[in-house]
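Visitor: Okay, predicted coordinates and the sequence, questions at the end:
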Amino acid sequence: MFAQLTSSPYFLSAVALVVFGIFLTISGFIALVRAQISSFSLRTMLGLLLLALGGLAGMIGLGTQGYQTLTRETVAARISVSPVAPQRFAATFRYPDGRVDNFIIAGDEIYVDAHILKWQPLANFFGLHTAYELDRVGGRYRDIEQERTAERTIKSLNLDKPVNIFDLRQRHTLLALLLDAKYGSATFVPVIQAAELELRVSTTGLLIRELKITP
């Protein structure tokens, strides 16, 4: 994940902006020592602006780690499900990057949800496009009373990251210039027998399709 972060254009932009910001700020104070007030003001203001932009780029880079760019309907994971006991089944997630997760889930149906980020056209210009991150998988009971009282299973699907872009948007209104919408999407299907499922995501949300396996 660190290698992915350091190769991110947002991380590289943040580093460049911060370096130039520090350079301009230092040169501004040198100008102040030399009593060059106009140069001090201009360089310091530009330096602080670059530092702020660098911080913003860094936060976006950290906050979007784990998100996948979404330009069309795409496969988010392939899921193998198999009942192991009444109202209990095994689920194996295989992701496009090669990762594999295994879960034992209680319920009649498999439920998956995700975070979707939709960026403003201004952000699109800088390479930010609609993106998604799988969030959780769980079990769902068909009977509403069981849904209230029976064992619940919720497992995390997302990758740990130091910054949450959702929290950033709430704390920093400046991100409204870039982030158009943030919302969740969920889908679920019954697990009756062993099956191969395909979890797909589009700009309208998640869906699960059963794959027809040819003998």
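Guide: Arrived safely, thanks for sending. Numbering: from 1, shown residues only.

Visitor: any idea how far Ala52 is from Ile26?
Guide: To Ile26, Ala52 is 16 Å away according to C-beta to C-beta, to the nearest Å. C-beta: built from backbone N, CA, C; applies to glycine.

Visitor: Excluding sequence neighbours, find me the nearest residue to Ala150.
Guide: Residue nearest to Ala150 in three dimensions, not counting chain neighbours: Tyr141, with 5.8 Å by C-beta to C-beta, 6 or more residues apart in numbering.

Visitor: likewise Ala194?
Guide: Distances taken as C-beta to C-beta, 6+ apart put Ser82 closest to Ala194, at 4.2 Å, once the chain neighbours are dropped.

Visitor: sec struct for that neighbour, please.
Guide: What DSSP: H, G, I helix; E, B strand; the rest coil gives for Ser82 is strand.

Visitor: Show me the helices in the chain, by range?
Guide: Per DSSP state H, the chain has helices spanning 2-6, 9-33, 37-63, 121-125, 144-149, 165-171. These are given in chain order.

Visitor: average model confidence for the first one?
Guide: Yep, that's helix 2-6 we're talking about. For helix 2-6, mean pLDDT rounds to 45.

Visitor: cool, and the third one?
Guide: For helix 37-63, the mean per-residue pLDDT is 68.

Visitor: same question, the fourth one
Guide: For helix 121-125, the mean pLDDT works out to 58.

Visitor: And the fifth one, by the same measure?
Guide: When the per-residue pLDDT values of helix 144-149 are averaged, the result is 93.

Visitor: quick one: contacts of that helix?
Guide: Outside of helix 144-149, the residues within contact range by C-beta atoms under 8 Å, 6 or more residues apart in numbering are Arg140, Tyr141.

Visitor: With just CA atoms, put that helix into PDB.
Guide: The C-alpha atoms that make up helix 144-149 are tabulated as PDB, following Å, rounded to 0.1, in the frame of the first residue of the first chain:
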ATOM      1  CA  ILE A 144     -37.600  -9.900   9.800                       C
ATOM      2  CA  GLU A 145     -37.800 -11.400  13.400                       C
ATOM      3  CA  GLN A 146     -34.600 -13.300  12.800                       C
ATOM      4  CA  GLU A 147     -33.000 -10.200  11.400                       C
ATOM      5  CA  ARG A 148     -33.700  -8.500  14.700                       C
ATOM      6  CA  THR A 149     -32.700 -11.300  17.100                       C
END
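
Visitor: Now it: buried residues?
Guide: Neighbour-count burial for helix 144-149 flags Gln146 (criterion: 16 or more other C-beta atoms under 10 Å).

Visitor: one step back: isn't the residue nearest to Ala194 right next to Ala90, touching?
Guide: Yes: using C-beta atoms under 8 Å, Ser82 is in contact with Ala90, at 5.1 Å.

Visitor: Counting neighbours, go ahead and name the busier of those two.
Guide: Ala90 (16 against 12; other C-beta atoms under 10 Å).

Visitor: Tell me the spacing between the nearest residue to Ile154 once chain neighbours are set aside and Ser156.
Guide: Closest residue in space to Ile154, ignoring its immediate chain neighbours: Gly138 at 4.4 Å, by C-beta to C-beta, 6+ apart. Using C-beta to C-beta, one gets 10 Å for the distance from Gly138 to Ser156.
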